[in-house]
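Undergrad: Got a sequence here, can you model it:
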Amino acid sequence: MLDARALPRHLPPPELLDPASMARADRAAIAAGVSGLALMEAAGRAVARAMRRRLAPGRVLVLAGPGNNGGDGYVAARLLQQAGWPVRLAALAPPRADGDAALAAARWSGPMAPFTPEAAASADYVIDAVFGAGLSRPLAAPIAATLAAARRIVAVDVPSGLDGATGAARGAVSSAAFTVTFFRLKPGHLLLPGRALCGEIMLADIGLPASVLGAIGVSALLNQPALWRLRRAMAADHKYRRGSVAVLAGEMTGAALLAAHAARRIGAGLVSIQSLAPLSQAPPGLIVRHAPLAELRADAVVCGPGLGVAMAQARLPAVLRAGRCVVADADALTACAGRPETLRGAAVLTPHDGEFTRVFGAIGEDRLAAARGAACLSGAVVVLKGAATIIAAPDGRAAINASAPPALATAGSGDVLAGMIGGLLAQGLAAFEAALAAVWLHGRAGALAGPGLIAEDLLATIAPALAEAESRERPPAGADADVSLGGGRHYDKNT
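TA: Modelled structure (predicted):
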């Protein structure tokens, strides 16, 4: 596997499609002359190819459902058998007589097996082709028991029972060693618990033309450098042209200092700490000011890290009334608990789950919908932090980030992120793009810092993360564009 600190040449395409959008993509392609059976054959071929590349030959049981997901399984079974693997197939129910899956099933002449836990337990590998990402009901107990008996599962599209739109588990969902999906990733591949249940995710090109995206719309985006453009340094630059950031400090000055240092590292030309009390340590290059808020002059203001709830209640309204470009984080969010309307005028909000719930109410299982709703209500870009951070804009745009390692779950990491967003806002990036860029760079900085990460380590790895962002490129078109995503890291198909 690829080293966690490295990043491959190609990232998956940024468009994410929920199950309904993916179904529209299939229909649009077929209406344009692409054969549904050809798509099914390509999907089954991708599953068989992934197994042959990653696994030693062994006994395979294909669990096939009655729909198109099952049809993909029939194709994979046939191709693996032709390659010399011992394969049996267990059908949950016959495919519909008038569908492509029935044609695929008719081409299977190998041995059949009962759809039972005993049959699954006797195989080295089980291909889960029972249900795709659109299942809306809990997985039936006998199906769940059969999948739970498997030693190692290869899932087609998603593990059966996983909601492709939200990542929620419908019943007892068995985790896969790896999942093979097609054309574009789904939100459920990235959002927990789906991300953990899918194992390594392999995205395969099966011949669907990218042109169908224009007709169906995109559910959300996978955050990556293709979505934003950083400000380039110019020969005529000076510190004021590169943007100024003010960080409001309270008694816990360490959090404000982390945010301020991050704003400097991300490229802001002038960063100050706005403090009511003297700072015990004022590092070189950082300005400390004690002037009243009415005299505050900065392109962007970071309000909340270490500020204290009482002070945030007093100071946030003042900077919002002044029309500043505000990043509201930490105590500034808690100060608005149950009153999301008081955040109107902020540019970016950066809540973790607890802060989000205090301000906007329970998140529920659909994190994308919750973040979008909060953005619409507040009029601000909302960065809902977590294992897969969601960035949502008031106009409905949303992205899911997958660049962050689990080690970022450490005190002070969020303060660094708030400062990075402030620094990019000060340089002129729009709020949504600034949030996208900062979240991705924050995740990459965490990966580059390696084991033993603490928040201070991120400051030294922001620069190499910036260098990586400038060198990213989109994957080429065609079958060789297969890429994979696993364990919070992106993998090139050749690794």
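Undergrad: Torsion angles phi and psi at residue 116?
TA: phi -140, psi 160 (degrees, to the nearest 10).
Undergrad: check contacts around it.
TA: 90, 146 (CB atoms under 8 Å, 6 or more residues apart in numbering). The C-beta positions use only the backbone N, C-alpha and C, and glycine is treated the same way.
Undergrad: low-scoring stretches of this protein, by residue?
TA: 1-9, 277-278, 280-282, 473-483, 486-495 (pLDDT under 70).
Undergrad: now the strands: where do they sit in the stretch 151-300 of the chain?
TA: 153-156, 178-182, 200-204, 220-222, 244-249, 270-275, 287-289, 300-303 (DSSP state E, counting those that start in this stretch).
Undergrad: other SSEs contacting the third one?
TA: Applying 3 or more CB pairs under 8 Å, 6 or more residues apart in numbering; DSSP states H and E, we find strand 200-204 packed against helix 36-54, strand 178-182, strand 483-486.
Undergrad: Turn the ones you listed into TSV, columns for distance to residue 196.
TA: As requested, the helices and strands packed on strand 200-204 are exported to TSV (distance: least, CB to CB, whole Å):
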stretch	distance to residue 196
helix 36-54	19
strand 178-182	11
strand 483-486	11
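Undergrad: Of these, which stretch is the most buried?
TA: Mean neighbour count (mean count of other CB atoms under 10 Å) peaks for strand 178-182 among the helices and strands packed on strand 200-204, with a mean of 25.
Undergrad: Tell me the strands beside that one, with direction?
TA: Take DSSP bridges as the rule and strand 178-182 pairs in its sheet with strand 153-156 (parallel), strand 200-204 (parallel).
Undergrad: most tightly surrounded among the ones you listed?
TA: strand 153-156 (a mean of 28).
Undergrad: Restrict it to CA atoms and write it as CSV.
TA: Extracted C-alpha coordinates of strand 153-156, given in CSV (Å, rounded to 0.1, in the frame of the first residue of the first chain):
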residue,chain,number,x,y,z
ILE,A,153,-16.3,-9.8,1.3
VAL,A,154,-15.9,-8.0,-2.0
ALA,A,155,-18.8,-5.6,-2.3
VAL,A,156,-20.3,-4.5,-5.6
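Undergrad: Touching stretch 344-359 from outside, list them.
TA: 300, 320-321, 323, 325-330, 333-334, 336-340, 343, 360, 363, 370, 374, 378-386, 414, 417-418, 421, 425, 431, 434-435.
Undergrad: and the chain, what are its domains?
TA: As given by automatic domain parsing, the domain ranges for the chain are 15-219, 226-471.
Undergrad: Please name the nearest non-neighbouring residue to residue 470.
TA: Spatial nearest neighbour of residue 470, excluding adjacent residues (CB to CB, 6 or more residues apart in numbering): residue 230 at 7.2 Å.
Undergrad: do the same with residue 30
TA: The nearest residue in space to residue 30 (CB to CB, 6+ apart) is residue 36, at 5.2 Å.
Undergrad: give me every residue that touches the one you found.
TA: For residue 36, the contact set (CB under 8 Å, 6+ apart) comprises 26, 30, 100.
Undergrad: Most neighbours out of those residues, which is it?
TA: Per-residue neighbour counts (other CB atoms under 10 Å) across those peak at residue 100, which has 22 neighbours.
Undergrad: Identify the residues contacting that one.
TA: 36-37, 40, 68, 71.
Undergrad: Also residue 87?
TA: By CB under 8 Å, 6+ apart, the contact set of residue 87 is 59-62, 77, 80-81, 110-111.
Undergrad: Buried only: go through those for me.
TA: The neighbour-count test (16 or more other CB atoms under 10 Å) marks 60-62, 77, 80-81, 110 as buried among the contacts of residue 87.
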